[in-house]
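**Q** sequence unknown, structure follows:
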């Protein structure tokens, strides 16, 4: 379902007290938190060119979870561990890519190690920001937006209503297998 549908639900349940700009921002924050948890994922393919080691994930990527090559899973490694294992010039190695890292790249870029010596196709699993969330997430997201909106200092602040919305959103998230209070701490 769409962001618009969820924000309409927020407006209706909040009796139109919520400001649309603030509700929009809160919705985006919550969806990013869900994406950081690995709830909102997408996979896609990436063509690999022999000799090219660095690739970019889609623009709405929050983080890369896993990469599969034609011969199986390519393991993620820490840049410092790669340097210790393979030496400081590990990025100059060429061969079948067995690892990837992104610590010295942007969050959306990743480096294959060693640089591939042949062309291949990768399947990249990423968490991502999505404006259209699954319909089963609309209600708990709307309740969490209401929680945050009514908890903040404003002319319509209502702590009791905010806490009720938090309890309901936590319950609803748990019904679909998401532990929400852990989601917030993991996303930070």
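**A** In hand now; what should we look at? None of the values given here were measured: they were computed from a predicted structure. Numbering: from 1, shown residues only.

**Q** and the helix or strand encompassing residue 55, which strands flank it?
**A** In the assignment (DSSP states H and E), residue 55 maps to strand 54-56. Partners of strand 54-56 in the sheet, by DSSP bridges, are strand 109-113 (antiparallel).

**Q** And the next helix or strand past the strand it pairs with?
**A** Downstream of strand 109-113 (by DSSP H and E), the next one is strand 115-116.

**Q** tell me the mean pLDDT over stretch 26-36?
**A** Averaged over stretch 26-36, pLDDT sits at 90.

**Q** now swap in stretch 62-74 and tell me
**A** pLDDT averaged over stretch 62-74 gives 89.

**Q** What residues are bridge-paired with the residue found closest to residue 55 once you drop the neighbours it is linked to in the chain?
**A** Spatially, and ignoring its direct neighbours in sequence, residue 55 is nearest to residue 46 (5.5 Å; Cβ to Cβ, 6 or more residues apart in numbering). (C-beta placed from N, C-alpha, C; glycine too.) Per DSSP bridges, the residues bridged to residue 46 are residue 122.

**Q** can you pull the contacts of residue 46?
**A** Residue 46 makes contacts with 55, 121, 122, 123, 124, as judged by Cβ atoms under 8 Å, 6 or more residues apart in numbering.

**Q** Can you pull the phi and psi angles for the residue of the chain most remote from its centre?
**A** Within the chain, the residue lying farthest from the chain centre (Cα atoms, centre = their mean) is residue 155, at 32.7 Å. Phi and psi for residue 155, reported as degrees, to the nearest 10, are phi -70, psi -10.

**Q** tell me what whichever strand or helix holds residue 127 is packed against?
**A** Using DSSP H and E, the element containing residue 127 is strand 120-128. When contacts are defined as 3 or more Cβ pairs under 8 Å, 6 or more residues apart in numbering; DSSP states H and E, strand 120-128 packs onto helix 20-37, strand 41-48, strand 61-69.
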